[in-house]
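Undergrad: Generate a structure from the sequence data that follows.
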Amino acid sequence: MAGPQDDAIIRVEHLTQAFGSNVVFDDVSFEVRRGEVFVILGGSGCGKSTMMKVMIGLHQPRAGHILFENQDIVSADRKTREGIQRRFGVMYQSGALFGSMTLLENVRLPLEEFTDLPADAMDAVAASKLRMVALEGFETYMPADISGGMAKRAAIARAMALDPSILFLDEPSAGLDPITSAELDQTILSLAHSLGVTFVVVTHELPSIFTIADRVIMLDKKTKKIIATGTPQELRDHSTDPFVHQFFHREANPQEETA
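TA: Predicted coordinates:
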């Protein structure tokens, strides 16, 4: 999908995040190109989800800059930051649907908060977003009445409500069986191709990474750095970093093996 002429929609420059004395990542730089599916991966505790939260302006970093279309979300005033954030759609790991609302009501919630559309127009937009994720006919269902995979798709529909430039997905396949996870991967690919939306996806699920990712970065818990950048195939076949090799070949750490 993404080609060499694609420009960066987000530039992360010399980013450091720490909570007290605990440094999560240190002096990290990368860019996300317009229209690509960009995956942030790494082992447990490496700071993947923290990175996403910093990128969307939920956490203020210790140092560094995040430029969205050349606007720095880190140094922006509150009004400017909120304007940038409305260009983002976010799906958190749990899906975070409101259990007391139907799927249609969940999806139209951002429209109620941030637009002046009439009620019938909001219903139409929300229904169209559900249709995009193959949930047409489920508008009146409650979150408790649908499967985990359907709930994740409904959460993506809600994240798309305001027609964002970028969709951030935090562990979208978490808790799903392999078949449902594969179906969700196809939903992401379909949306990326049909809408041209940029995706930033946090995951450690290898099948999903190879299915959806144009490019990946790999964070390392020990060094607090990015230890690999490229396509999943490049990292699997050519990386000389031992941890990257272990990760992509699903190999146990020898010193951690038990008899």
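Undergrad: Pop the domain breakdown of the protein in here.
TA: Structural domains assigned to the chain are 8-87+164-250, 101-163, following automatic domain parsing.
Undergrad: These into a markdown table, with extra columns for distance to residue 93, mean neighbour count and mean pLDDT?
TA: The way it works is simple: take the backbone N, C-alpha and C, and place the C-beta from them, glycine included. Formatted as a markdown table, the domains of the chain follow (distance: least, Cβ to Cβ, whole Å; neighbours: other Cβ atoms under 10 Å; pLDDT from 0 to 100):
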| stretch | distance to residue 93 | mean neighbour count | mean pLDDT |
| --- | --- | --- | --- |
| domain 8-87+164-250 | 4 | 18 | 93 |
| domain 101-163 | 9 | 18 | 95 |
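Undergrad: quick one, strands of this protein?
TA: 8-19, 22-33, 37-42, 63-68, 71-72, 88-91, 166-170, 198-202, 215-219, 226-230 (DSSP state E).
Undergrad: Distance to residue 177 added to those strands, as TSV?
TA: Below are those laid out as TSV (distance: least, Cβ to Cβ, whole Å):
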stretch	distance to residue 177
strand 8-19	32
strand 22-33	30
strand 37-42	21
strand 63-68	35
strand 71-72	40
strand 88-91	19
strand 166-170	18
strand 198-202	19
strand 215-219	24
strand 226-230	29
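Undergrad: so which of the ones you listed gets nearest residue 143?
TA: Nearest to residue 143 among these is strand 88-91 (13.8 Å), distances taken as Cβ to Cβ.
Undergrad: Pull up the pairing partners for that closest one, direction included.
TA: Each strand paired with strand 88-91, and its direction, by DSSP bridges: strand 166-170 (parallel).
Undergrad: got the contact list for the strand it pairs with?
TA: Residues outside strand 166-170 that contact it (Cβ atoms under 8 Å, 6 or more residues apart in numbering) are 9-10, 32, 49, 52, 55-56, 68, 87-93, 156, 159-160, 188, 191, 197-203.
Undergrad: Give me the angle between that strand and strand 22-33.
TA: Between strand 166-170 and strand 22-33, the angle comes out at 140 degrees (axes from the mean of the first three to the mean of the last three Cα atoms, to 10 degrees).
Undergrad: so strand 166-170 versus strand 63-68, what angle?
TA: Using the same axes, to 10 degrees, the direction of strand 166-170 lies 130 degrees away from that of strand 63-68.
Undergrad: between the strands of the chain, which gets nearest to residue 81?
TA: strand 71-72 (9.0 Å).
Undergrad: How about the contacts made by the nearest residue to residue 165 once chain neighbours are set aside?
TA: Of all residues not flanking residue 165 in the chain, residue 87 sits nearest, at 4.6 Å (Cβ to Cβ, 6 or more residues apart in numbering). Residue 87 makes contact with 68, 164, 165, 166, according to Cβ under 8 Å, 6+ apart.
Undergrad: Out of the residues you listed, give me the two with the largest separation.
TA: Pairwise distances across the contacts of residue 87 (Cβ to Cβ) peak at 11.2 Å, for the pair 68 and 164.
Undergrad: what are the C-alpha coordinates of stretch 20-34, in PDB please?
TA: Only the C-alpha atoms of stretch 20-34 are listed here, as PDB (Å, rounded to 0.1, in the frame of the first residue of the first chain):
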ATOM      1  CA  GLY A  20       9.200   8.800  38.100                       C
ATOM      2  CA  SER A  21      12.600   7.000  37.800                       C
ATOM      3  CA  ASN A  22      11.100   4.300  35.500                       C
ATOM      4  CA  VAL A  23      12.100   5.100  32.000                       C
ATOM      5  CA  VAL A  24       9.800   3.400  29.500                       C
ATOM      6  CA  PHE A  25      11.500   4.500  26.300                       C
ATOM      7  CA  ASP A  26      14.400   6.900  25.700                       C
ATOM      8  CA  ASP A  27      15.200   9.200  22.700                       C
ATOM      9  CA  VAL A  28      13.000   7.400  20.200                       C
ATOM     10  CA  SER A  29      12.400   8.700  16.700                       C
ATOM     11  CA  PHE A  30      10.300   7.400  13.800                       C
ATOM     12  CA  GLU A  31       7.700   8.400  11.300                       C
ATOM     13  CA  VAL A  32       4.300   7.100  10.200                       C
ATOM     14  CA  ARG A  33       3.600   7.500   6.500                       C
ATOM     15  CA  ARG A  34       0.300   8.600   5.200                       C
END
